[in-house]
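[1] sequence-free structure coming up:
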């Protein structure tokens, strides 16, 4: 199934790459959840805390899923294009994950879980206060589940450094 997903992803968008990893190798840390509290999107997006379900994400991801694929893109930016590239990269990964979910459904895998990197940016003007405009397409950020994206991707050979200066990585995760 990994090869089917990787080939399908490449055909869908050749700028996006994917690396297989075992769900048990995903790093979880409580301090990552605390960082959400200080984010400008806290309590303003339906896919961000505290609006997401209060579940044991670590248990679900590491015990109820046997396969995972880290999906990522690296994009160059300038001071002028930084905000635009952040949004474009998020939406490219988000759409790729939705596409991979569709592929899994077509292969009789009914319970895939995809998580995006960073907050959902499907709505250009932000979330309305009373409901999500895209409840079937919006996804929870990896960070909101407690995943330490930086340490997890370093194990896979990606070296994310801060502050970003001329390029950024945007990552997502699909599990089945």
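    Cool, got the structure. What you are looking at is a predicted structure, and each value in this text was computed from that prediction instead of being measured.
[2] which residues of the protein fall in helices?
    Remark: helices assigned in the chain by DSSP state H are 2-12, 30-37, 57-64, 82-106, 149-154.
[3] Switch these over to JSON lines; also include mean neighbour count.
    Just so you know, the C-beta spots here come from the backbone N, C-alpha and C atoms, and that holds for glycine as well. Formatted as JSON lines, the entries for these read as follows, by neighbours: other Cβ atoms under 10 Å:
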{"stretch": "helix 2-12", "mean neighbour count": "14"}
{"stretch": "helix 30-37", "mean neighbour count": "13"}
{"stretch": "helix 57-64", "mean neighbour count": "15"}
{"stretch": "helix 82-106", "mean neighbour count": "18"}
{"stretch": "helix 149-154", "mean neighbour count": "18"}
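[4] Next up, the contacts around the residue positioned nearest the centre of the chain.
    Against the mean C-alpha coordinate of the chain, by Cα atoms, centre = their mean, the closest residue is residue 116 at 1.8 Å. Contact analysis of residue 116 by Cβ atoms under 8 Å, 6 or more residues apart in numbering lists 47, 90, 93, 94, 97, 139, 140, 141, 142, 172.
[5] Which pLDDT value goes with it?
    As predicted, residue 116 sits at a pLDDT of 97.
[6] Would you mind measuring from the residue of the chain positioned farthest from its centre to residue 121?
    Here the chain reaches farthest from its C-alpha mean at residue 80, the gap being 24.6 Å by Cα atoms, centre = their mean. Distance, residue 80 to residue 121, using Cβ to Cβ, to the nearest Å: 19 Å.
[7] And for residue 153?
    Distance, residue 153 to residue 121, using Cβ to Cβ: 20 Å.
[8] what do you get for residue 158?
    Remark: distance between residue 158 and residue 121 (Cβ to Cβ) = 21 Å.
[9] just residue 21 next, same as before
    From residue 21 to residue 121 the distance is 25 Å (Cβ to Cβ).
[10] now swap in residue 138 and tell me
    10 Å.
[11] same question, residue 34
    Taking Cβ to Cβ, one finds residue 34 at 23 Å from residue 121.
[12] average pLDDT for stretch 31-40?
    On average, stretch 31-40 scores 93.
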